[in-house]
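Visitor: Okay, here's the prediction I keep looking at, along with the sequence it came from:
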Amino acid sequence: MATQFPVENLLLDRRGNETLHRQLYLQLRSLIERRRLPSGAMLPATRQFAKDLQVGRNTVIAAYEQLALEGFVSIAHGRRPVISELPIHHRRETGGRASANNLLSRRGQLMARLPYHHGEPGMLAFHPGLPDAQNFPFNTWARLVARRAKHARNDLFGTYHVTGYPLLKEALAHYLAASRGVDCEPGQIIITPGAQSAFDILARILTDPGDKVWMEEPGYYGAAAAFLSAGAELMPFRVSKAGWDLSPPPHSPKLIFVTPSCHYPLGHTMNMEQRLNLVRLADSWGSWIIEDDYDSEYRFQGQPIPALQGVAKRDKVIFIGTFAKILFPAMRLGYMVVPKLLLPAVNSALSATGQFAPLMVQAALADFMNEGYLIRHLRQMRRLYASRRSHFIAQFNQHVGHRMILEPTDSGIQIAGYFKGTVNDRKIAAAIAAAGLNVSPLSMQFRFKPVQQGLLMGFAAADGDTATQSLLDLATILDAHI
């Protein structure tokens, strides 16, 4: 009877890392699971099986006992093991995105449909929002990080300072008061792993499913994704060359999202009259205002207008910023200035979601700020970006102006351009990406009709020669597809 068992299907490697009884157990289990050995069939007697495999009997006994322990076989005294009846398992093919989405919750399916845009290493032109890396003081940064790492075991080693490293919060409070007119105490500052983390936390704790968010249109797709993922419903807060349309929406919003210092993606700045009127409307509705201080550091005409948070003097404005543009995105550090009444809820949300910013990096950044490196770096970058902006605009108009027109702007490190003809900007952006240039389709920033077709292009990371050649390449691509 033992000779009928498919011994030839079993291969034991005496020089392998696994023990012989483990190898035998795994191979027998595989045969049973794949129904190569049917239920009710008997396994060979231990003595004969050991002889056929040229192993010790204890090896076979150990494999059988493990199979019995897991329910693959049943063992009765004096009888050979019998393969157990296993439940029928129907294997379903999950090929294709539609099948995979069936495994997701409704919220998961929604998140899977939301747009996003990331870059590729080396694709500097024209990645929207990407700062210049060549002029960042990496030697200084490396020294500050190394200095902090040497003493990390003292207060940077564990899960401490969940809301942010105290020295960084103090430095940031001074910086925001001086540069942006933000009115806050260090304890109101929450350090986050980027601005997107702040949007996610606020969307979770301030909105319930069905709550209305008055969201800029066009507007930042990342913030919209956070609100939609939390179950909120968006209402368009229209923005154009004329500014922000403050005509009241059909429903009172729970949240109002704005980028008043440098609108994303058009680059406009909200004037003081519109800011005061917006605060008045928010007061009348009892709405929270989330102020994303996007690219406020890079204004190329006139003087910066103070942050809405400082102008409003209200406890319902939440101020959000990031170091992604003024330093580098991979630092993954952002912050929000939170009204005092919200602090307990935000602290709990941080713990519940685990969205803590790395303490070592925070400590090094505090030193970077306190020792004057941040202000020095910002001054250098403003001069550099002003020059690159002028060069980009001139070269764009010369080489691409027959296909597109730029949105006039006075701030930010990216510029929106509109197609003069009727095109599909997503297809055009894909063709441009295939040629090694990184742009974002403008339609991606719209959620309501009418949707405008264009491109969002960054100019900060590419030097003059790179920008000129890349614009020539861009013109060639557009001529071939339009």
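Guide: Ah, there it is.
Visitor: Now the lengthiest strand in the chain: average pLDDT?
Guide: Among the elements of the chain assigned as strand by DSSP state E, the one spanning the most residues is strand 233-240. Across strand 233-240, pLDDT averages out at 97.
Visitor: Ok, stretch 156-175 next?
Guide: Stretch 156-175 shows a mean pLDDT of 93.
Visitor: following the longest strand of the chain, which helix or strand comes up?
Guide: Downstream of strand 233-240, the first helix or strand assigned by DSSP states H and E is strand 243-244.
Visitor: List the pairing partners of the following helix or strand past that next one within its sheet, with orientation.
Guide: Following the chain from strand 243-244 toward its C-terminal end, the next helix or strand by DSSP H and E is strand 255-258. When sheet partners are counted by DSSP bridges, strand 255-258 sits next to strand 212-217 (parallel), strand 288-292 (parallel).
Visitor: Please enumerate residues in contact with strand 255-258?
Guide: Strand 255-258 has contacts (CB atoms under 8 Å, 6 or more residues apart in numbering) with 202, 206-207, 211-216, 219-220, 223, 227, 232, 237, 244, 270, 278, 282, 287-292, 308. For glycine as for every other residue, the C-beta is placed from the backbone atoms N, C-alpha and C.
Visitor: If we use 7 Å, what do you get?
Guide: Judged by CB atoms under 7 Å, 6 or more residues apart in numbering, the contacts made with strand 255-258 from elsewhere in the structure are 206-207, 213-216, 219, 223, 278, 282, 287-292.
Visitor: Ala45: which of those is nearest?
Guide: For these, the residue nearest Ala45 by CB to CB is Thr207; the value is 67.9 Å.
Visitor: In CSV: the strands paired with strand 255-258, plus mean pLDDT.
Guide: Compiled in CSV, these are given as follows (pLDDT from 0 to 100):
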stretch, mean pLDDT
strand 212-217, 98
strand 288-292, 98
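Visitor: And these: which comes nearest Gln445?
Guide: Ranking the strands paired with strand 255-258 by proximity to Gln445 (CB to CB) places strand 212-217 first, at 8.4 Å.
Visitor: Name the next helix or strand downstream of the closest one, please.
Guide: Once strand 212-217 ends, the next helix or strand along the chain (criterion: DSSP H and E) is helix 221-229.
Visitor: Give me the contact list for that following helix.
Guide: For helix 221-229, contacts defined as CB under 7 Å, 6+ apart pick out 107, 110-111, 114-115, 196, 199-200, 203, 207, 213, 215, 234, 257, 292, 444-445, 447.
Visitor: residue closest to the middle of this protein?
Guide: A centroid search over the chain (CA atoms, centre = their mean) returns Gln196, at 6.6 Å, as the residue closest to the centre.
Visitor: Determine the three-state secondary structure at Ile191.
Guide: strand (DSSP: H, G, I helix; E, B strand; the rest coil).
Visitor: Need the CA coordinates for stretch 185-195. CSV is fine.
Guide: Written as CSV, here are the backbone C-alpha positions of stretch 185-195 (Å, rounded to 0.1, in the frame of the first residue of the first chain):
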residue,chain,number,x,y,z
GLU,A,185,1.7,81.1,22.0
PRO,A,186,4.1,78.2,21.5
GLY,A,187,1.6,75.9,23.1
GLN,A,188,-0.9,76.5,20.3
ILE,A,189,1.6,75.2,17.7
ILE,A,190,1.3,71.5,16.6
ILE,A,191,4.1,70.1,14.6
THR,A,192,2.9,67.6,12.0
PRO,A,193,4.5,65.3,9.3
GLY,A,194,3.6,67.8,6.6
ALA,A,195,0.5,70.0,5.8
